[in-house]
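>>> Need a 3D model of the sequence below.
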Amino acid sequence: MNFKELNQQREAVIIGNVWDVASACIAEQAAYQAIGTSSAAIASTKGLADGELVPFEALLIIVKDIVRHTSLPVTVDIEGGYSRNPVQIVKHIIALAEAGVKGVNIEDSVVDGERVLLDPYVFSELIGDIKKALNKGNINMFINVRTDTFLLGVSDVMMETKQRIKLYEKSGADGIFVPCIEREQDISAIVTSTHLPLNVMCMPNLPSFDRLNDLGVKRISMGNFVYDQMMSVFQQTLKSIIKDQSFRAVF
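Numbering: from 1, shown residues only. This is a model prediction of the structure:
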């Protein structure tokens, strides 16, 4: 089954979000069907905030290491593409394809001091330009377009989200990712508004995976939340070692 088929199967594919070779290998051993990088987690390992602060060349090195050590399909979070220029973004995607990557996430917001949404028409044109160039070069890459309407809490969020999805669908997006959506009625409304497979993300009130399958969700990812939880456990363990003056917390 290829990566596009994984995004269309009856049961949603659960993406194991990783940040290095070790986490990728653990995800494969845990029987995940696919893995995806978390830009926020990778940035954190380098002491940086999310928002394209890790140079693309550094990301590519990490991705190449991950692909070499796993047999699972890998999708990469490229944030806004590490450029606003479609020609440069395509070069980045081709470099990832040559490394063996099967999909990318690209988002319609950028961080410039604070995160802001891009104009949907300008962004849809960008997606169209990227898809045309990839098709012309016979580059098979699943483009999962992330819209940050819910993440940023825009007004009239459902209307804004649907309008953006329609534009991105027409531009050739292969999938749509709506982080921070949680309510069943909202998820159902998005699923029925588009032909694109819907990707939702780990959230405190997200319905169960079985229920998400019933609603028609095709992809479930975890963002940086599992990484953050792991680091919280690590922090508590280190604190306990000092507090207890022993390694009981480790064992």
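>>> Could I get the full set of strands for the stretch 1-150 of the chain?
13-18, 34-37, 74-77, 103-107, 109-112, 114-117, 142-146 (DSSP state E, counting those that start in this stretch).
>>> How many residues are close by Gln185?
9 (other Cβ atoms under 10 Å). In short, each C-beta sits where N, CA and C put it, glycine included.
>>> I misspoke; the intended subject was Leu198.
Leu198: 26 neighbours (other Cβ under 10 Å).
>>> do the same with Ser38
27.
>>> these two touch, right, it and Asp77?
Yes - with contact defined as Cβ atoms under 8 Å, Ser38 counts as touching Asp77 (6.2 Å).
>>> Can you check which of the strands of the stretch 1-150 of the chain gets nearest to Leu126?
strand 103-107 (8.5 Å; Cβ to Cβ).
>>> That closest one pairs with which strands?
strand 74-77 (parallel), strand 142-146 (parallel) (DSSP bridges).
>>> who touches His69 in this structure?
21, 24-25 (Cβ atoms under 8 Å, 6 or more residues apart in numbering).
>>> ok so, going back, looking at the strands paired with strand 103-107, which one is packed in the most?
Mean neighbours per residue, mean count of other Cβ atoms under 10 Å, is largest over the strands paired with strand 103-107 for strand 74-77, with a mean of 26.
>>> who's in contact with it?
With Cβ under 8 Å, 6+ apart as the criterion, strand 74-77 contacts 3, 15, 24, 34-39, 59, 63, 66-67, 96, 100-105, 142, 144.
>>> Check what pLDDT Tyr218 gets.
Tyr isn't right for residue 218; it's Lys. If you check Lys218, the pLDDT there is 98.
>>> quick revisit: now the strands paired with strand 103-107 in TSV, with mean pLDDT and distance to Val122?
Shown next, in TSV, are the strands paired with strand 103-107 (pLDDT from 0 to 100; distance: least, Cβ to Cβ, whole Å):
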stretch	mean pLDDT	distance to Val122
strand 74-77	98	21
strand 142-146	98	14
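>>> Can you lay out those strands as TSV showing distance to Leu118?
Converted to TSV, the strands paired with strand 103-107 look like this (distance: least, Cβ to Cβ, whole Å):
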stretch	distance to Leu118
strand 74-77	17
strand 142-146	11
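>>> nearest spatial neighbour of Ala99, skipping sequence neighbours?
Lys64 (4.8 Å; Cβ to Cβ, 6 or more residues apart in numbering).
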